[in-house]
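[1] prediction below, plus the sequence it came from.
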Amino acid sequence: MISQALSLRSLQLQVKICFVTLFAAAALFAMPHPAQAALNETQIQAIIVLLQSFNVDAATVNNVSDILHGVTTNSSQTPTCTMSVSASQVAVGQSFTVSWTTQNATTANLNLNPTFGAVSLQGYRTATYGEPAGQKTLTLNVTGTGGSTGSCSATVTVTSSSTTGDSLTTSAITASSNSSSDTRAVNAQFATNDCSSAGLQIDWGDNSARNTVVLGTNQCGGAAIAPSMVNVQNGHIYSAYGTYTIKLYKGSSLLSSVTYVATAPAGYSTLTGSVSGTTVTATYTNLPSNSYLELINQSSGTVTTVSTGLSGGGTATKTSVAAGTYKLRVKQSISGAVDPVIVESSSVTVSGSDSAAPTTSSLTVENNSSSNTRAVNAKFSTNDCSSAGLQIDWGDNSSRSTIILGTNQCGGAAIAPSMVNVQNGYIYAAYGTYTIKLYKGSTLLSSVSYTATAPQASASFDFLAAYSESFNNNLAAVGIGIIDVPFTILTDALGDLFYSAGIY
């Protein structure tokens, strides 16, 4: 019986709750809107009493009473919003993102201080601040139905790179091998708080591409300067043993550098290259027999054999190399097989001009004939192998003589291996004093004065006696010539006369 009574009372309670729920729903959704025809107070109180008779809680009764009396709450219509920023601190010029959402709003206006304008009810914008640095307040103003308003805000601290305590710092770069078996494997290390997206760059000193180092967002937190210094390690493997200068750059600015030596193991073949002007010199060690040296143009891929029959250690050179970037390579000649590569050098760059200028001695001159001082030799020494040549101006308005050294003296180089003695002969048309000049193009290198002296009568010569004797000896010929000898014979006779008399 007790069990049946409890079941009955439980059923009654459920029926009451169901009834109240249905009634409340009818009151909320089926009753006329307050703006339309409403219940009178007697009817409203009857409904309230009925709810109370079913032991409906007071909060529900009060809500039903408000609805029946046409009273509405403002909480459901007041517009609200929330804002957030991707970084609470940014540097001048660094972008960040501001996001927002709204509730119960019909319009929204975003004020980024100083820019502002209408925005969607939910969204984001990217913003950037310039100088002056400081705290910036961002505000979103929203409007709801009936003209109700609301707002929300967020703040961002903008820092300048010159602000004390906020300056970028990067330590000097260091380098060490990161392999116990191969010194060509190297680690470059430094510490920095530089969060720039442009990053820092490591130049490994072997003409390979630079490595760009950019700190991660977990280290920078969206700021331009990391909260603390970050230790950076960056690895690289050189293709050849040798000495390299590793440099750390920020854009085009060199921050620091360090020298690293990748030491070859004992007995290992080594090859290094160096450049002087247009000459490339290879230095090698521990080469096997029948080795040969090649020069490889890294732009065109052209391979030039420099020297063959190499072994052990030594040097080899290639002159007159065109401007470009090259590698040196040693192979071993093996009959009936593909020649293996023994060792390669790091890249070398030829600028295309000789750092050393050719040398030419001062010009000297001498007579090269015992009987005629008008015959002269100009002499100098030079190692100038220019195809334009050197030029001698003889000082008598004649054409210059061009001097070009032969290929056997220059060997295809711009500068001969040793000085070459040059002699160049010339015969003047008349006796006199001349200035002989040596030119390189329009540049005067040196000059010398030369006098082609005319023959003179002896100081002890008796001019009067010789004249009389010559005149007497030739008087008959003169007389005959005057009478009937052809004019040419006469002039010859007179010439002999004057020559004997010392008259030229």
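    Yep, that arrived.
[2] would you confirm that residue 245 contacts residue 257?
    Yes: Residue 245 is in contact with residue 257 according to CB atoms under 8 Å; the separation is 5.7 Å. Where C-beta positions appear, they are placed from N, C-alpha and C, glycine not excepted.
[3] and the residue nearest the centre of the chain, what pLDDT?
    What sits nearest the mean C-alpha location of the chain, by CA atoms, centre = their mean, is residue 252, with 7.4 Å. Looking at residue 252, its pLDDT is 87.
[4] now do the contacts for it.
    Contacts for residue 252 (CB atoms under 8 Å, 6 or more residues apart in numbering) come out as none.
[5] how near is it to residue 204?
    Noted for residue 252: a distance of 17 Å to residue 204, by CB to CB, to the nearest Å.
[6] am I right that residue 425 sits in a helix?
    No: counting by DSSP: H, G, I helix; E, B strand; the rest coil, residue 425 is not found in a helix; it is strand.
[7] in contact with it, which residues?
    In this structure, residue 425 makes contact with 368, 375, 376, 377, 378, judged by CB under 8 Å, 6+ apart.
[8] quick one: which of those has the most company?
    Compared across the contacts of residue 425, residue 378 has the highest neighbour count, 24 neighbours, by other CB atoms under 10 Å.
[9] contacting residues for it?
    The neighbourhood of residue 378, defined by CB under 8 Å, 6+ apart, consists of 363, 364, 365, 392, 394, 423, 424, 425, 426, 436, 438, 448.
[10] give me the element the last one is part of.
    For residue 448, the host element (DSSP states H and E) is strand 443-452.
[11] contact partners of that strand?
    Residues from elsewhere that reach strand 443-452 (CB under 8 Å, 6+ apart): 360-365, 367, 373-374, 376, 378, 380, 390, 395, 428, 430-439.
[12] buried stuff in it?
    Buried positions in strand 443-452, judged by neighbour count with 16 or more other CB atoms under 10 Å: 445, 448, 450, 452.
[13] excluding chain neighbours, give the residue nearest to the third one in space.
    Ranked by CB to CB, 6 or more residues apart in numbering and with sequence neighbours excluded, the top spatial neighbour of residue 450 is residue 365, at 4.7 Å.
[14] could you list which of the contacts of strand 443-452 belong to strands?
    364-365, 367, 376, 378, 380, 390, 432-439 (DSSP state E).
[15] and those residues, which two are the farthest apart?
    Pairwise distances across these (CB to CB) peak at 24.6 Å, for the pair 390 and 432.
[16] more neighbours: those two, which one.
    Using other CB under 10 Å, the more surrounded residue of residue 390 and residue 432 is residue 390, with 24 against 14.
[17] quick check: the more buried one vs residue 377, distance?
    Taking CB to CB as the measure, residue 390 falls 15 Å from residue 377.
[18] the closest residue to residue 344 other than its chain neighbours: what's it in contact with?
    The shortest distance from residue 344 to any non-neighbouring residue, by CB to CB, 6+ apart, is to residue 329 (4.8 Å). Residue 329 makes contact with 271, 293, 294, 295, 296, 341, 343, 344, 345, according to CB under 8 Å, 6+ apart.
[19] residue 329 is in what secondary structure piece?
    Taking DSSP H and E as the criterion, residue 329 maps to strand 324-332.
[20] can you name the element that comes right after that strand?
    Downstream of strand 324-332, the first helix or strand assigned by DSSP H and E is strand 341-344.
[21] list the buried residues for that next one?
    Residues of strand 341-344 classed as buried by neighbour count (16+ other CB under 10 Å): 342, 343, 344.
[22] do stretch 260-276 as well
    By 16+ other CB under 10 Å, the buried positions in stretch 260-276 come out as 260, 262, 264, 269, 270, 271, 272, 273.
[23] can you name the two of those residues that sit furthest apart?
    The largest separation in the buried residues of stretch 260-276, counting by CB to CB, is between 260 and 269 at 20.7 Å.
[24] before we move on, back to that, okay, the contacts of residue 329 in a markdown table with distance to residue 220 and pLDDT next?
    Shown next, in a markdown table, are the contacts of residue 329 (distance: CB to CB, whole Å; pLDDT from 0 to 100):
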| residue | distance to residue 220 | pLDDT |
| --- | --- | --- |
| 271 | 44 | 88 |
| 293 | 50 | 95 |
| 294 | 48 | 95 |
| 295 | 47 | 94 |
| 296 | 43 | 94 |
| 341 | 45 | 84 |
| 343 | 44 | 87 |
| 344 | 40 | 87 |
| 345 | 40 | 85 |
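[25] what is the nearest of those residues to residue 53?
    Proximity of the contacts of residue 329 to residue 53 (CB to CB) peaks at residue 344, which lies at 103.3 Å.
[26] my guess is the closest one contacts residue 239. True?
    Yes: with contact defined as CB under 8 Å, residue 344 counts as touching residue 239 (6.3 Å).
[27] residue 221 and residue 188, how far apart?
    For residue 221, the distance to residue 188 - CB to CB - is 25 Å.
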